[in-house]
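From the sequence below, what's the structure:
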Amino acid sequence: MMNAVVDFLTPEWAPNIHPLIVHFPIALLVVAVLLDVLQWIRPLRGRLDRAALLLYFLGVIGATAAFWSGRVAADTVRVGVEAQTVLSDHDDRALITLIFFGAFFVVRLVLHLIRLDRKGILRAVVPLTGIVGIVLLWQTADLGGKLVYQYGVGVAAVEVVDDVAVDTTGESRWEDRDDGWMWHSGGNAAAVFRERIEFHGENAGERLHFHTRQDEEGYYLEIVVEAGEGPLFLVVPEETDDISLEMVANADGFEGGVGLVHHFHAPDHYEFLDYDGSDARLGRHEGGEGAILDRGHWHADGWASLRVAADGRHFHAYADGAMVAHGHAPLREPGYTGVLVDGSGTLNVRLLHLVRLRDTEAEAPVEDHGNDHGPDYAEEHDVDAPIDHDH
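Numbers count the residues shown, from 1 in each chain. Presented below is the predicted three-dimensional model:
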């Protein structure tokens, strides 16, 4: 019923109802604070007091609707990597502002009822506290404006493109960048991929096999996973914190779950985004206990892009650029990032791309958690074999 009402009220040109709601609480709360300031400068108890309280009440109701509609909007618009931190900060600041004005209205109402709001130091404290709220409101609006006017989020005429243009017809390589790293496939994909990857999980050395393959689009890495006990982790041993991690892959030949792992510390201590053929799931494991933060239905057919963004307490899952899951949880200490496989079959990969969302440098690798492969692994698993041109 609620969705039907929202759809009816949202015009065709608007991506969602959020931009139609958000301006009302801003106006109501600003005028309410101005009335309190006027009362401070020139006390006129009576109607202005009641008018200010009514505006605060309506403003808090409007701010609640704006916050709710903003959460819904974030799940329906395309958000590029460069706008990820702005989206998280906007959400956090909006929540703080809502809680602030909700608490302020309750205190303001109580002080009015017991007739203390215009006595002594409280006569100045009330409007000054309201001004603090206006600062929070301005910061929230500033971040929302950046999303729209700087990054084009929710603007129909602006196409948000996250695809990374890479040439997979040449040689594979790792690229270190100022904000992260990228690996893409090429003629020697299997050998190059192994240069920087650690394996974790039960019998990973025996269960994982790598080959370079080629199709009409170029070369790709074929990861063959044998059946076994528990998931396997293919991680880059560098600590990162707030991140966006993308994989372009084809899991049509895999039975089970594939995805991305981040904040990895051990096989029983990590965060993840996985895909099982019908659902994308955001979750975490700690001490053998797993928890799903959110899930969304998605079906991939052939090559597809899967991206996870972990920024502060915000976790977003994107499939082919569209958000499919959005969860919240306290973020752990920095950890490793990479690929997660839980099942058996073939996973084909063209690209892994990590972006550090905040301005932090990668830390030195943490202690080795026990790679399940030895110095003869490359020879035994034929990762340097001649290119196989089978499709």
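
what about Glu171, which helix or strand?
Using DSSP states H and E, Glu171 sits within no helix or strand.

I figured it was touching Asn188, is that so?
Yes: the pair Glu171 and Asn188 qualifies as a contact (Cβ atoms under 8 Å) at a distance of 5.9 Å. Placement of C-beta: from N, CA and C, glycine included.

okay, the two: which has more neighbours?
When Glu171 and Asn188 are compared on other Cβ atoms under 10 Å, the one with more neighbours turns out to be Asn188, at 17 against 14.

list the contacts for Tyr318?
79, 162, 305-309, 324 (Cβ atoms under 8 Å, 6 or more residues apart in numbering).

which element is it on?
Secondary structure assigned from DSSP H and E places Tyr318 in strand 314-319.

Alpha carbons only: can I get that strand in CSV?
Output of strand 314-319 as CSV, limited to C-alpha atoms (Å, rounded to 0.1, in the frame of the first residue of the first chain):
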residue,chain,number,x,y,z
HIS,A,314,27.9,1.0,5.3
PHE,A,315,28.1,-2.1,3.0
HIS,A,316,26.8,-2.0,-0.5
ALA,A,317,26.6,-4.7,-3.2
TYR,A,318,26.4,-3.8,-6.8
ALA,A,319,25.7,-6.2,-9.7
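
Tell me the helix or strand right after it.
Counting by DSSP H and E, what follows strand 314-319 is strand 322-328.

Run the chain-centre distance for that following strand.
Distance of strand 322-328 from the chain centroid (Cα atoms, centre = their mean, to the nearest Å) equals 7 Å.

related to what we said a few turns ago, which of the contacts of Tyr318 sits closest to Ala27?
Relative to Ala27, the closest of the contacts of Tyr318 is Val79; by Cβ to Cβ it sits at 27.1 Å.

hang on, the closest one packs against His326?
No: with contacts counted by Cβ under 8 Å, Val79 stays clear of His326, the gap being 10.4 Å.

just the helices in this protein please.
Along the chain, counting by DSSP state H, helices occupy 2-9, 18-21, 23-41, 47-74, 84-113, 122-145, 189-194, 204-207, 377-380.

Gly170 and Gly186 touch, don't they?
Yes: counting by Cβ under 8 Å, Gly170 touches Gly186, with 5.3 Å between them.

neighbour count winner among Val79 and His326?
Val79 (24 against 19).

and the more buried one, what pLDDT?
For Val79, the pLDDT comes out at 84.

same deal with Ala204?
At Ala204, pLDDT is 92.

burial count for it?
Around Ala204 there are 24 residues (other Cβ under 10 Å).

And for Val110?
11.

Same question for Lys119.
The number of residues packed near Lys119 is 10, by other Cβ under 10 Å.

who are the neighbours in contact with it?
Residues near Lys119 by Cβ under 8 Å, 6+ apart: none.

let's go with 10 Å and repeat that
Counting by Cβ atoms under 10 Å, 6 or more residues apart in numbering, Lys119 touches Leu111.

ok, it to Gly205 distance?
76 Å (Cβ to Cβ, to the nearest Å).

the longest strand in this structure is where?
Taking DSSP state E as the criterion, the chain has its longest strand at strand 335-356.

That one: how far from the chain's middle?
Counting by Cα atoms, centre = their mean, strand 335-356 comes out at 17 Å from the chain centroid.

Name the residues of it that come out as buried.
Neighbour counts over strand 335-356 (16 or more other Cβ atoms under 10 Å) mark 335-343, 345-356 as buried.

just for this structure, where's the confidence low?
Low-confidence segments of the chain (pLDDT under 70): 1-15, 44-46, 117, 154-167, 359-391.

quick one, domains of it?
2-150, 173-380 (automatic domain parsing).

Out of those domains, indicate the one that is most buried.
Among those, ranked by average contacts under mean count of other Cβ atoms under 10 Å, first place goes to domain 173-380 (a mean of 19).

could the helices of the chain go into a markdown table alongside distance to Gln214?
A markdown table is the format used below for the helices of the chain (distance: least, Cβ to Cβ, whole Å):
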| stretch | distance to Gln214 |
| --- | --- |
| helix 2-9 | 47 |
| helix 18-21 | 46 |
| helix 23-41 | 55 |
| helix 47-74 | 39 |
| helix 84-113 | 34 |
| helix 122-145 | 45 |
| helix 189-194 | 10 |
| helix 204-207 | 24 |
| helix 377-380 | 21 |
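
His316: which of the ones you listed is closest?
helix 84-113 (7.3 Å).

Centre of the chain to the closest one, how far?
23 Å.

Could you do stretch 120-131 as well?
Using Cα atoms, centre = their mean, the offset of stretch 120-131 from its chain centre is 39 Å.

Use 45 as the first number from now on
From this message on, residue numbering opens at 45, which makes the last subject stretch 164-175.

Need the contact partners of it.
73-74, 76-85, 87, 96, 100, 144-145, 147-148, 151-152, 155-156, 160-162.

can you rerun that using 8 Å?
76-77, 80-81, 83-84, 87, 148, 152, 155, 160-161.

give me every residue that touches the closest residue in space to Asn232 that isn't next to it in sequence.
Leaving aside its sequence neighbours, Asn232 sits nearest to Ser216 (Cβ to Cβ, 6 or more residues apart in numbering; 5.3 Å). Shown in contact with Ser216 (Cβ under 8 Å, 6+ apart): 227-233, 235-237, 256, 263, 265.

how about 10 Å then?
210, 227-237, 239, 256, 263-265, 394.

gap between it and Arg257?
Distance, Ser216 to Arg257, by Cβ to Cβ: 12 Å.

any residues in contact with both of those two?
With Cβ under 10 Å, 6+ apart as the test, Ser216 and Arg257 both reach 229, 233-234, 263-265.

quick one: which of the residues you listed is nearest to Glu290?
The shortest approach to Glu290 among the shared contacts of Ser216 and Arg257 belongs to Ser229, at 14.0 Å (Cβ to Cβ).

My read is that Gly303 contacts Asp386, right?
Yes: using Cβ atoms under 10 Å, Gly303 is in contact with Asp386, at 8.3 Å.

Return every residue with contacts to both of these two.
275, 316, 318, 320.
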